[in-house]
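J.: Okay, structure incoming, though there's no sequence with it:
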């Protein structure tokens, strides 16, 4: 049935157009293509990628996807794992990387033209990815909202495209602690995050910086709102208002990311190591699909809903409420 899909059906079912799907298959072909043997015919590459995308897009249980694609439950899991491994090596580095000098200039210009905040090159925030309770240290993954999760920390540009993604920290961990454990903090600590390129703003030499919310520590490269004590000056209120408007871009990016790839919105029944890989791969796929204009408004997820698990599954249960074996 799939080759006969219309353009709308391609985007609805695989979250991307047929052209983008073909591009993705060609990209991962070196790592995923397999050969027939004397004992078994291999699953075609396009089918393996389709199976993986179906899991990422719907978070359906492995058994249901196997029935749809006429393959075994184990084959579905293997397709998802092989695709995530291939995409981690071939897709993620191409789409999620630290911007160079030229791109930083474009990012800063876009933020200033769009929101009136000069020298800003990104917005930082974290979001929770629902998971089943891990067998080890499950209490560490129980977040303040009352469910198990891992944290995705992301930095996006003015268009909501990720240029840094760090995933896998337990849900009980504070956002500031996640930041200090990330590569972003390590580079900043070594003075290698941004090049020395400053502008005189109000008599102060300001370099490139990222905007974060009040949970993050104030740094030269990371600005946050003034604490609202009820005695803010007019200038401080204007600063808070403008930076708050600019930071909305990362919240919207998380909403679109989870709206497209429902494995990040619903409680994921995969092993936690595979979930971590899924999260970063979905960020790269988000970048790819946004760049190609593949999106449907039907996937839009409110900011509040994007940080809640869509399904409240019992530990070890699948979407139909049946007990499932963790893969």
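T.: Good, I have the coordinates. As the structure is a prediction and not an experimental result, all values here were calculated from the model.

J.: Tell me which stretches of the stretch 151-300 of the chain form strands.
T.: Using DSSP state E, counting those that start in this stretch, the strands assigned to the stretch 151-300 of the chain run over residues 162-170, 199-201, 204-206, 209-211, 222-223.

J.: Report all helices and strands that the third one contacts.
T.: Strand 204-206 makes packing contacts with strand 199-201 when contacts are defined by 3 or more C-beta pairs under 8 Å, 6 or more residues apart in numbering; DSSP states H and E. For every residue, glycine as well, the C-beta is placed using N, CA and C.

J.: so what strands line up beside the strand it packs on?
T.: Pairing partners of strand 199-201, with direction, according to DSSP bridges: strand 204-206 (antiparallel).

J.: now the strand it pairs with: how far from the chain's centre is it?
T.: Computed by C-alpha atoms, centre = their mean, to the nearest Å, the chain-centroid distance of strand 204-206 equals 32 Å.

J.: what pLDDT, on average, does it get?
T.: Averaged across strand 204-206, pLDDT comes to 86.

J.: packing partners for the helix or strand containing residue 104?
T.: Secondary structure assignment for residue 104, by DSSP states H and E: helix 101-115. Helices and strands touching helix 101-115, by 3+ C-beta pairs under 8 Å, 6+ apart, are strand 120-130, helix 234-260.

J.: what about residue 145, how many neighbours?
T.: Other residues near residue 145 come to 12 when the count uses other C-beta atoms under 10 Å.

J.: try the one 5 residues further on
T.: When counting by other C-beta under 10 Å, one arrives at 22 neighbours for residue 150.

J.: got it, and residue 208?
T.: Residue 208 has 23 neighbouring residues, counting by other C-beta under 10 Å.

J.: ok, now which ones touch the closest residue to it other than its chain neighbours?
T.: Of all residues not flanking residue 208 in the chain, residue 194 sits nearest, at 4.2 Å (C-beta to C-beta, 6 or more residues apart in numbering). Neighbouring residues of residue 194 by C-beta atoms under 8 Å, 6 or more residues apart in numbering: 104, 121, 207-209, 221.

J.: Repeat that for residue 291.
T.: Counting by C-beta under 8 Å, 6+ apart, residue 291 touches residue 161.

J.: Against residue 81, how distant is it?
T.: With distances defined as C-beta to C-beta, to the nearest Å, the gap from residue 291 to residue 81 amounts to 26 Å.

J.: quick one, strands of the stretch 1-150 of the chain?
T.: 120-130, 149-156.

J.: right, and out of the contacts of residue 194, which lies closest to residue 152?
T.: Of all the contacts of residue 194, residue 121 has the smallest distance to residue 152: 19.8 Å, by C-beta to C-beta.

J.: Counting neighbours, what do you get for the closest one?
T.: By the criterion of other C-beta under 10 Å, residue 121 has 25 neighbours.

J.: Please consider this matter closed, and thank you.
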